[in-house]
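Enquirer: just the structure for this:
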Amino acid sequence: MMAKLMISHKLFRNLFVIAAIVTFLWLPVLGAPGPAKAHQQVGLPPLRPLQAGLLISQSAATTVYNGDWITYTLTIANSGVSVKEIYVEDQLPAGVLANAQCLTEVGNCSIEYDTTSVTVRNGGTVQVSQPTRVTWNFVSASPLPHAFPLSLRFRAQVLCQPVGSQFSNQATMTYKDTGNNLGFAISDPLFLDTAVAQAPIAQQGHFSMSSAPELCTKS
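Expert: Predicted coordinates:
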């Protein structure tokens, strides 16, 4: 009798183990949570794609010469959002640039100036109107018709800068999609290096604001 009870108990235990193994293997198929995937941590929700939006970047020549024109290009990329308003602002470095010009006709490009006194080497000073900010503004009641990526360009001349000096600027952007949701983006800082242009001195104490390389030539 005791032998029969031991056999029944052993058989029941084996059946229980088999049932547990089968249940573990079939849980993912039946819809229950299975083991976490390699890219998903236990206890966290499944990974989801990033929200669509706009991004802005900026580029220019990495090395410029005093008096030369430097062209900035701002690029707006769209990852799938329908927008009706975009406002872009590029805050320019103080005391570095002059004679800024918009090169992109779209977006109502506007340049703000500030008057600064520049001291030349002979001790005299000249008043120079320097650009401080460039802006673009796109507004529409319906989705903007512009194709992306959208390029915005402007240029300016480099004022007298010390040899090997570095200056930077950064563009910011706010936008509104067709659902009236607001978005914001900022470009990485753009760092540029300057060098002195070799140009003849036209006359002693002369400070030229022409487009020639002697923009910053001083006696």
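
Enquirer: from now on I want contacts and neighbour counts done on CA atoms only, so please keep to that.
Expert: Will do.

Enquirer: give me the helices and strands touching the host helix or strand of Phe167, please.
Expert: Here Phe167, judged by DSSP states H and E, is contained in strand 166-177. Of the remaining helices and strands, those touching strand 166-177 by 3 or more CA pairs under 8 Å, 6 or more residues apart in numbering; DSSP states H and E are strand 54-59, strand 83-91, strand 182-186, strand 190-195.

Enquirer: can you verify Ala156 is assigned to a strand?
Expert: Yes - with DSSP: H, G, I helix; E, B strand; the rest coil as the criterion, Ala156 is located in a strand.

Enquirer: what about it, neighbour count?
Expert: Using other CA atoms under 10 Å, Ala156 is surrounded by 20 other residues.

Enquirer: need the contact list for the nearest residue to it once chain neighbours are set aside.
Expert: Leaving out its chain neighbours, the residue that sits closest to Ala156 by CA to CA, 6 or more residues apart in numbering is Ala100, at 4.1 Å. Residues near Ala100 by CA atoms under 8 Å, 6 or more residues apart in numbering: 111, 130-131, 154-157.

Enquirer: so which of the residues you listed comes closest to Ala171?
Expert: Set against Ala171, the nearest of those by CA to CA is Phe154 (12.6 Å).

Enquirer: neighbours of the closest one, how many?
Expert: Neighbour tally, Phe154, other CA under 10 Å: 17.

Enquirer: how close does it sit to Thr135?
Expert: The spacing between Phe154 and Thr135, counted by CA to CA, to the nearest Å, is 10 Å.

Enquirer: likewise Asn66?
Expert: Taken as CA to CA, the span from Asn66 to Thr135 is 24 Å.

Enquirer: tell me which of the two has more neighbours.
Expert: Remark: of Asn66 and Thr135, Asn66 carries more neighbours, 27 against 20, as counted by other CA under 10 Å.

Enquirer: now that one: phi and psi?
Expert: Dihedral pair for Asn66: phi -50, psi 130, per degrees, to the nearest 10.

Enquirer: these two touch, right, it and Ala195?
Expert: Yes - with contact defined as CA atoms under 8 Å, Asn66 reaches Ala195; the gap is 6.5 Å.

Enquirer: next, show the common contact partners of these two.
Expert: Contacts common to Asn66 and Ala195, judged by CA under 8 Å, 6+ apart, are Gln161.

Enquirer: any idea what Gln101 is bridged to?
Expert: Arg155 (DSSP bridges).

Enquirer: next, the angle from the longest strand along the chain to strand 166-177.
Expert: The single longest strand within the chain, with elements called by DSSP state E, is strand 125-139. Angle between the axes of strand 125-139 and strand 166-177 is 20 degrees (criterion: axes from the mean of the first three to the mean of the last three CA atoms, to 10 degrees).

Enquirer: got the confidence number for Ala3?
Expert: What the model reports for Ala3 is a pLDDT of 43.

Enquirer: hang on, the earlier thing: show me what the strand holding Phe167 pairs with in its sheet, parallel or antiparallel.
Expert: Strand 166-177 has these strand partners (DSSP bridges): strand 83-91 (antiparallel), strand 182-186 (antiparallel), strand 190-195 (antiparallel).

Enquirer: many thanks, have a good one.
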